[in-house]
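Trainee: Sequence and predicted structure below; questions after.
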Amino acid sequence: MSVLARAVTLAVAFLAVVGLAVFVVVHILLAEPPTVDFTAGHAAGQPVSMTIMADPVNDVSDHPDWVSYFVRSPQSGQWVHSTIWQLPAHTRINVTAYQFDTCDPLRNQFNGRVSGTVGNVMSVSGEAAGVNGKGISVVNSDTTCGVAHTFSVPELGINVPLAGETYTGKNECTQGPCAISTAHTTTTFSFITPGPGQYRWQCFIPCGLASVDGNGHAMSTIGFMTGYLDVVS
Amino acid sequence: MAAAQPAAAPAAGPAEPSHGLRILLIWLPLALAADLVIWFVWGPHLPPGDMSNTAANQQFDIKVLSVMAAPVMLAVLIFAGYAMVTWRTRDGDEEDGPPIEGNARVQVSWIVVTTVIVLSLFVFGFAELVTSNGAGAGAGPAPIWKPGGRPLVVQVIAQQWLFTYRYPQYGGFETTDLVLPVGQSVQFNVTSLDVIHSFWAYQLGVKADANPQVNNVAYTTAEHTGEVTVRCSELCGLWHGAMFDYGRVVSVAAFQSWARATETRVAKITRTLPAYALVYYPNEIKGLNKFYYEAGLPGAGGGFYGNQYYPNEP
């Protein structure tokens, strides 16, 4: 093989390795879902309304059997498969959370408390929850079908156990984002954003299907059951 | 026959200076100065500080090790520097160096000195483990050395990705706040609900592995009030880097006030917690109601998706 051929072979191999490394970094390691912006057009001092849903399935990713959160875009009104939400600082966020998944006991019953929300309570409506809009501060997931997932921001002390939907086999959500007409519970709560910063949030139910102790997969992938609040001034 | 002529005596050159003495005279003041600086200037600022007896012991240990290591390091560096200057090749010098031969005095001295240093450090390290009841490290479920009296028991429960703390002497309440009284012995019972974590209370000089279904005990006594940084020091998944919080060491009165107020405030959630135990088995919850049993759910996550998916052990 000539020197020129060797040099070309080496250059091609080098570029292939570099290209592969760049692809892995850009498309796998740095890949993130889109940021859903709740700050555009927000008037200072006014609360922000945010609607989210926790679905047992999703049809928008390579992992349709993973549970996943969705958020409704304030601009388009469409459900977006993202767990990165940009919020204004020092603002009351009124959250409506639709929950379509069935219940599961908490790994730590301590996460059955409601904390960090306005009044340290949440409200749950829907037949499955059976509590119809009353303020709730504690849910015992061992004795009631009270929790399917949690919305928790540990750094801010926020923990909201989302009520589970009692499985009846009728009108269940089989395609995510779930249609509001399918069986679900609705949880509402409010919290006040702190100063600017990034605050991770996660679910504390071990709902990562087919992973060790349920804490992998959806639980460990941003865009599914964990993400962060991007609080900006 | 001519008589044999005696061999000519080598020409007498300048007397060889005492290199050992020179090196000693350079090394001695530098080593002394380095040790004084380490002990009195740098030492009080060495990690992890002196907030607790275990932290202070660790700082003392690092000072002792540094004071012992500095003269050795200086000896090596000074000898190397001296050799490069004194025995360097000069212009026109193309002779071989003298053959290297053994020097029993140097070799014996080296062996004796290093042996004494290592053995004394062994004894010192052993004593340090005993005097501070494990030096702030996790000593397993049955520690050999325990502090006297009745320590405050704080259970550290690690989980992906959060530490929570239970206070069994105050009704077994659980909280995300780590609050400790100053001047009182504390017994940490460290465990995990899922994978392997590690409880690292930096300013307290406490670091104990948090393993599922294992109770790992560590002792400390906070000697100053202030803030404590708690981190997980065992890579435990996506949010390992975010698994930290801040604890507080407060006066005894402030602690008791906080503990009683918290016990009352969280009484509702405390009633739903499992009874206080040294370890927990969240995948085998006994209090599950009829609904879960009918659905085939043995506990948190465990078996929910079928055993083929869900190994109980991490």
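Mentor: Arrived safely, thanks for sending.

Trainee: Can you list the strands that the lowest-mean-pLDDT helix or strand in chain A pairs with?
Mentor: The weakest-scoring helix or strand in chain A, judged by mean pLDDT, DSSP states H and E, is strand A:135-136 (a mean of 80). Strand A:135-136 has its sheet partners listed here by DSSP bridges as strand A:122-125 (antiparallel).

Trainee: same for the helix or strand just after the least confident helix or strand of chain A, what does it pack against?
Mentor: Remark: after strand A:135-136, the chain's next helix or strand is strand A:149-153, criterion DSSP states H and E. Strand A:149-153 makes packing contacts with strand A:92-99, strand A:158-162, strand A:197-202 when contacts are defined by 3 or more C-beta pairs under 8 Å, 6 or more residues apart in numbering or on different chains; DSSP states H and E. Placement of C-beta: from N, CA and C, glycine included.

Trainee: quick one on the thing from earlier: now do the least confident helix or strand of chain A: everything it contacts.
Mentor: By C-beta atoms under 8 Å, 6 or more residues apart in numbering or on different chains, the residues outside strand A:135-136 that reach it are A:114, A:119, A:121, A:122, A:123, A:124.

Trainee: pLDDT and distance to residue B:103 for the residues you listed - can I get that in a markdown table?
Mentor: Output for these, formatted as a markdown table (pLDDT from 0 to 100; distance: C-beta to C-beta, whole Å):
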| residue | pLDDT | distance to residue B:103 |
| --- | --- | --- |
| A:114 | 92 | 77 |
| A:119 | 88 | 82 |
| A:121 | 88 | 82 |
| A:122 | 88 | 81 |
| A:123 | 86 | 86 |
| A:124 | 84 | 85 |
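
Trainee: Just flag the most distant two among those residues.
Mentor: A:119 and A:124 (14.2 Å; C-beta to C-beta).

Trainee: Could I get the buried residue list for the strand or helix carrying residue A:9?
Mentor: Applying DSSP H and E as the criterion places residue A:9 in helix A:3-24. Residues of helix A:3-24 include none that count as buried (16 or more other C-beta atoms under 10 Å in any protein chain shown).

Trainee: Next SSE downstream of it?
Mentor: Downstream of helix A:3-24, the next assigned helix or strand under DSSP H and E is strand A:35-37.

Trainee: buried residues in that next one?
Mentor: For strand A:35-37, by 16+ other C-beta under 10 Å, it's A:36, A:37.

Trainee: And stretch B:42-50, by the same measure?
Mentor: Within stretch B:42-50, the residues scored as buried using 16+ other C-beta under 10 Å are B:43, B:46, B:48, B:49, B:50.

Trainee: Need the contact partners of that stretch.
Mentor: Contacts of stretch B:42-50 (C-beta under 8 Å, 6+ apart): B:55-56, B:58-59, B:62-63, B:66, B:202-205, B:223-224.

Trainee: and the residues you listed, which are buried?
Mentor: Among the contacts of stretch B:42-50, those classed as buried by neighbour count (16+ other C-beta under 10 Å) are B:55, B:56, B:58, B:59, B:62, B:63, B:66, B:202, B:203, B:204, B:205, B:223.

Trainee: what residue ranges in chain A are flagged as low confidence?
Mentor: Segments of chain A classed as low confidence (criterion: pLDDT under 70) are A:126-134, A:209-213.
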